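> This is a predicted model, with the sequence first.
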2 protein chains.
Amino acid sequence: MARVIVDVLPKAEILDPQGQAVARAMGRLGVDGVADVRQGKHFELEVDDTVGDAELEHIAGTLLANPVIEEWVVRRVS
Amino acid sequence: MARVIVDVLPKAEILDPQGQAVARAMGRLGVDGVADVRQGKHFELEVDDTVGDAELEHIAGTLLANPVIEEWVVRRVS
């Protein structure tokens, strides 16, 4: 089995209200020095050896992320 | 400015309904070979040089994750 990480974030040009809310909360709670926050989804998958990189990209782009408004990165960890 | 990534996941012993839902959806859509899926939150922060590692851990454990049910990893990327 292999462990694969897929990180999904809103595209840069897309409004990220969750990230902005977290950034504002930091300011209210006296946390300085954080200029920007982007929030997305983090997936960890256990896949067997039959699942190739092309299929992982397909899984990420159809099931885990919305390609219209989101970008993603697929990383094999082990 | 430095870029910091914080990945938050439910603790292993905590039920992960979102991850299970994604895993079941894969089976229904004919995607084989994916044994398990865990879903969490992915944060990317832009921080200035005054924010040290200890403060990042504090930010992660108080604002970005719930330490009772979630675990997190902080990584400085640039």
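The structure has been received and is ready for your questions.
> Could you pull up the residues touching residue A:45?
By CB atoms under 8 Å, 6 or more residues apart in numbering or on different chains, the contact set of residue A:45 is A:3, A:4, A:5, A:6, A:56, A:59, B:34, B:36, B:37, B:38. (C-beta placed from N, C-alpha, C; glycine too.)
> quick one: average confidence on stretch A:13-27?
The predicted model gives stretch A:13-27 an average pLDDT of 91.
> Please state the offset of it from the chain centre?
On the basis of CA atoms, centre = their mean, to the nearest Å, stretch A:13-27 sits 15 Å off its chain's mean C-alpha point.
> Show residues contacting it.
With CB under 8 Å, 6+ apart as the criterion, stretch A:13-27 contacts A:10, A:34, A:36, A:37, A:38, A:39, A:69, A:70, B:43, B:59, B:63, B:64.
> Sort out which residues of that stretch are buried, please.
A:16, A:19, A:22, A:23, A:26 (16 or more other CB atoms under 10 Å in any protein chain shown).
> if we can go back for a sec, quickly check the contacts of residue A:45 for the two that are furthest apart.
Comparing all pairs in the contacts of residue A:45 by CB to CB, the longest separation belongs to A:56 and B:38, at 15.5 Å.
> any idea which helix or strand comes after the lowest-mean-pLDDT helix or strand in chain A?
For chain A, using mean pLDDT, DSSP states H and E, the weakest element among its helices and strands is helix A:17-28, scoring a mean of 91. Once helix A:17-28 ends, the next helix or strand along the chain (criterion: DSSP states H and E) is strand A:34-47.
> how many degrees apart are that following strand and helix A:17-28 in direction?
In terms of direction (axes from the mean of the first three to the mean of the last three CA atoms, to 10 degrees), strand A:34-47 departs from helix A:17-28 by 130 degrees.
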